[in-house]
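S.K.: The sequence and its predicted three-dimensional model are supplied below.
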Amino acid sequence: MPRYRLSIAYDGTDFHGWQRQEPADAPPLRTVQGVVQEAVADLIRQRVDVVGASRTDSGVHAIGQVAAFTADVRVPLERLAAAINSRLPPDVQVRSAERTHDDFNPIGDARSKCYRYSIEHTSHPHHPRPLFDRNTVFATPYALDVARMQRAAAHLVGTYDCVAFAQINHGRSTTVRTIYGCTVHGGPGRRIEIEIAGSGFLYNMVRIVAGTLLEVGRGRIEPGDIPAIIESRDRRRAGPTLPPQGLCLRWIWYGTDAPSGAEGLTCAPE
């Protein structure tokens, strides 16, 4: 049977992450994988397993999640995304659908991923917290020095053991990852965007990196301390795990065409 590749965007606010979760003693939790599978199954009138490339956590957003499924689909390909979307809730959307090769693995075939973490330093009460985009940006009352954060971010590029930036229960057999790019830039007003692209990321790693850079911006960690934090392999040396709402999966690259969601980002796919 043919295999299909989907590019998916979602507002993660009301989801328990991407991965389907079915507690033994309770109804299934609302997850992105769950609602997408239900929509596809309703469309094609058969059970289907929609496998996603990245298991984003509760409250984390995406504009470039990649998923795939194998099924006999009678809907014309040019109408497939729209047909699935008509069965989806308003906080998740299939951006594109295409045929792919039969052994396409959205997890194993991925060569790099990019996340963006958005921060607004409000210096409360003179600058109020974000209101209309409060679910997609983390607000801190501390003034942040972007230049210091940029210098610290440059030290994060390379191949090394990233365990200092992972939760203890990360569940991975190896904690070595390659970071291809990490940039910090100021947006409009008091908005700061942290972008990080790498071969893969450990559990909560991007949120911990963002928390570490925030501490640098506050002056509590020096930019030049980053190499020592990496070398220490000690989670306690890094910054806090920032909340999920500021995090967005921007793109996943498979070494072929430019990934959807990479437009305007400073971390190019590698």
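M.R.: Right, received. Where do you want to start?
S.K.: is it true that Leu214 touches Glu120?
M.R.: No. With contact defined as Cβ atoms under 8 Å, Leu214 does not reach Glu120; the gap is 11.5 Å. Bear in mind the C-beta positions are built from the backbone N, C-alpha and C, glycine included.
S.K.: So between those two, which is more surrounded?
M.R.: Leu214 (24 against 21; other Cβ atoms under 10 Å).
S.K.: Please enumerate the shared neighbours of Leu214 and Glu120.
M.R.: Shared contacts of Leu214 and Glu120, defined by Cβ atoms under 8 Å, 6 or more residues apart in numbering, comprise Thr140.
S.K.: domain parsing for this structure?
M.R.: When the chain is parsed with automatic domain parsing, its domains come out as 3-100, 112-253.
S.K.: Tabulate these (TSV), appending distance to Pro106 and mean pLDDT.
M.R.: What follows is the domains of the chain, written out as TSV (distance: least, Cβ to Cβ, whole Å; pLDDT from 0 to 100):
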stretch	distance to Pro106	mean pLDDT
domain 3-100	4	96
domain 112-253	8	93
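S.K.: any idea how far Val176 is from Gly200?
M.R.: Val176 sits 10 Å away from Gly200, taking Cβ to Cβ, to the nearest Å as the criterion.
S.K.: again with Pro90
M.R.: For Pro90, the distance to Gly200 equals 31 Å [Cβ to Cβ].
S.K.: Which one's more surrounded, the two?
M.R.: Gly200 (16 against 7).
S.K.: gap between that one and Arg172?
M.R.: Distance, Gly200 to Arg172, by Cβ to Cβ: 9 Å.
S.K.: Which helix or which strand is home to the residue lying farthest from the centre of the chain?
M.R.: Computed with Cα atoms, centre = their mean, the residue of the chain farthest from its C-alpha average is Arg74, at 32.0 Å. Taking DSSP states H and E as the criterion, no element holds Arg74; it sits outside all helices and strands.
S.K.: got it, and Pro227?
M.R.: Using DSSP H and E, Pro227 maps to helix 226-232.
S.K.: Now the element after that helix, going C-ward?
M.R.: Using DSSP H and E, the helix or strand that follows helix 226-232 in sequence is strand 247-253.
S.K.: Lovely, talk soon.
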